[in-house]
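*Asks:* Sequence plus predicted model, see below.
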Amino acid sequence: MTRGAGIPFILLPPPSAIGARIANSLPILGSDVRQTIFKAVLIGYIVGNLAGFAVAILADRVPFLRRGLLPIGNMVSALPIIGVAPIMVMWFGFDWPSKAAVVIIMTFFPMLVNTVAGLAASGHMERDLMRTYASGYWPTLLKLRLPAAMPFIFNALKINSTLALIGAIVAEFFGTPVVGMGFRISTEVGRMNIDMVWAEIAVAALAGSVFYGVVALVERAVTFWHPSVRGG
């Protein structure tokens with residue numbers, strides 16, 4: 001369709017040209033993937049989710065902290081990436097730590113909000129039953145409330161799997177070493193190498209889909225008891 005409609009190469013290269021560019025640029029694409037995904041995305045994703053989960057447990061334990069954190073979380077989650085990324089570059093330098101910092105900010109509050117909501121999802125009857133067994137806070141948390149919160153937690157993990165990749169790529173537009181998916185996209189657009197731009201986009205889309213799929217598979221294994229999984 002691209003060739004038959006006569007769409008200019010500069011607007012949309014045919015998929016065959018994009019495939020050829022991917023095949024001919026594997027070393028460059030590989031180095032970009034290592035810089036963006038295996039450093040900035042993965043490290044930021046892990047740190048951001050763990051921090052959000054830990055603070056959610058603390059907020060659940062301290063109601064005053066929960067009432068104060070959630071409004072701040074909603075406000076910070078609305079911050080634009082293009083406003084945060086240059087600041088992180090100024091603070092942490094041009095290499096991957098500044099991109100990981102952007103990813104941490106983007107993934108922290110979705111995990112915090114979803115975990116707090118999930119911890120409140122267990123029913124009153126189940127909590128009353130745990131109290132009749134003289135179960136304290138931590139046994140109730142581990143045996144009842146965390147399992148009930150798992151669908152919420154994995155929902156945050158799936159949302160963050162795409163947010164992390166988007167955040168890292170956009171952050172690389174504002175300063176990075178001469179490697180990285182965002183750096184390559186911004187540079188090749190300026191050179192009018194549109195096939196290389198689409199090659200990076202295709203690789204990013206594939207990596208994001210694989211990342212999301214892995215999280216979804218882990219979710220099915222962990223929450224096999226949930227009605228949404230049993231129904232599938």
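*Replies:* Ah, there it is. Not measured: the values here are computed from a predicted model.

*Asks:* Which residues does the helix or strand where Ala51 lies contact?
*Replies:* Per DSSP states H and E, Ala51 falls inside helix 42-61. Outside helix 42-61, the residues within contact range by Cβ atoms under 8 Å, 6 or more residues apart in numbering are 65-66, 69-70, 96, 99-112, 115-116, 119, 137, 141, 153, 156-157, 160-161, 164, 167-168. Heads up, the C-betas are built off the backbone N, CA and C, glycines and all.

*Asks:* In PyMOL, select just the buried ones from those.
*Replies:* Buried subset of those, written as a PyMOL selection, criterion 16 or more other Cβ atoms under 10 Å:
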select buried, resi 66+69+70+96+99+100+101+102+103+104+105+106+107+108+109+110+111+112+115+116+119+141+153+156+157+160+161+164+167+168
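
*Asks:* which residues of this structure score low on pLDDT?
*Replies:* Across the chain, the ranges flagged by pLDDT under 70 are 123-124, 126, 128, 134, 226-232.

*Asks:* how close does the most far-flung residue of it relative to its centre get to Ala149?
*Replies:* Distance from the C-alpha centroid of the chain peaks at Thr132, with 40.0 Å (Cα atoms, centre = their mean). Thr132 is 22 Å from Ala149, where distance means Cβ to Cβ, to the nearest Å.

*Asks:* Now do the buried residues in stretch 38-56.
*Replies:* Residues of stretch 38-56 classed as buried: 39-45, 47-49, 52-53, 55-56 (neighbour count, 16+ other Cβ under 10 Å).

*Asks:* next one: stretch 138-150
*Replies:* Thr140, Leu141, Leu144, Arg145, Leu146, Pro147, Ala148, Ala149, Met150.

*Asks:* any chance of those in JSON lines, plus secondary structure?
*Replies:* Shown next, in JSON lines, are the buried residues of stretch 138-150 (DSSP: H, G, I helix; E, B strand; the rest coil):
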{"residue": "Thr140", "secondary structure": "helix"}
{"residue": "Leu141", "secondary structure": "helix"}
{"residue": "Leu144", "secondary structure": "helix"}
{"residue": "Arg145", "secondary structure": "helix"}
{"residue": "Leu146", "secondary structure": "helix"}
{"residue": "Pro147", "secondary structure": "helix"}
{"residue": "Ala148", "secondary structure": "helix"}
{"residue": "Ala149", "secondary structure": "helix"}
{"residue": "Met150", "secondary structure": "helix"}
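
*Asks:* now, which of these sits nearest Val76?
*Replies:* Ala149 (21.6 Å; Cβ to Cβ).

*Asks:* Identify the residue nearest that closest one in space, chain neighbours excluded?
*Replies:* Gly118 (2.8 Å; Cβ to Cβ, 6 or more residues apart in numbering).

*Asks:* where's the one you found relative to Asp60, distance?
*Replies:* Gly118 is 10 Å from Asp60, by Cβ to Cβ.
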